[in-house]
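[1] structural data only, the sequence is not supplied:
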């Protein structure tokens, strides 16, 4: 029987689902199942709708700023590569620019306080 790869409903990370009967595993670890439960409970307490998520201001600002940097990097690369005949060096520099912006985004950890059901 092949192992089934699933994605955690809390962190999105891939994990190998335990074989056997019962409901399919949704979380990669018990602590993530607990955090999801707490987030759903907090959402209910705050009467959040199904499409609403509550995160800290610090997380929001970090995510927003990283996305703005990524967007600016993509625009810069499109302009730089779109002008004339780009060289291999131009492509390498553009990739480095985009890569730095993506790394900023990879550092963002979004852990919701509440998730609407």
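    Cool, the structure landed. Given the structure is predicted, the values throughout are model-derived calculations rather than measurements.
[2] quick check: the closest residue to residue 107 other than its chain neighbours vs residue 112, distance?
    The spatially closest residue to residue 107, leaving aside those adjacent along the chain, is residue 66, at 7.4 Å (Cβ to Cβ, 6 or more residues apart in numbering). Where you see a C-beta, it was placed from the backbone N, CA and C, and this is true even at glycine. Distance check for residue 66 against residue 112: by Cβ to Cβ, to the nearest Å, it reads 17 Å.
[3] how far away is the residue nearest to residue 107 from residue 116?
    According to Cβ to Cβ, residue 66 and residue 116 sit 24 Å apart.
[4] what mean pLDDT does the longest helix along the chain have?
    Longest helix in the chain, counting residues (DSSP state H): helix 57-82. Taken as a whole, helix 57-82 has an average pLDDT of 91.
[5] may I see the buried residues of it?
    Residues of helix 57-82 classed as buried under the neighbour-count rule (16 or more other Cβ atoms under 10 Å) are 62, 66, 70, 73, 77.
[6] what sits against the fourth one?
    Right, the one you point to is residue 73. Residue 73 is in contact with 97-98, 100-101, counting by Cβ atoms under 8 Å, 6 or more residues apart in numbering.
[7] a markdown table please, covering these and showing pLDDT, distance to residue 11 and secondary structure.
    Written out in a markdown table, the entries for these read as follows (pLDDT from 0 to 100; distance: Cβ to Cβ, whole Å; DSSP: H, G, I helix; E, B strand; the rest coil):
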| residue | pLDDT | distance to residue 11 | secondary structure |
| --- | --- | --- | --- |
| 97 | 89 | 29 | helix |
| 98 | 92 | 25 | helix |
| 100 | 91 | 24 | helix |
| 101 | 91 | 22 | helix |
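[8] buried ones only from those residues, please, as a ChimeraX command.
    This is the ChimeraX syntax for the buried subset of those, where burial follows 16+ other Cβ under 10 Å:
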select :97,101
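[9] distance to residue 31 for the contacts of residue 73 - can I get that in a markdown table?
    Compiled in a markdown table, these are given as follows (distance: Cβ to Cβ, whole Å):
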| residue | distance to residue 31 |
| --- | --- |
| 97 | 37 |
| 98 | 34 |
| 100 | 32 |
| 101 | 31 |
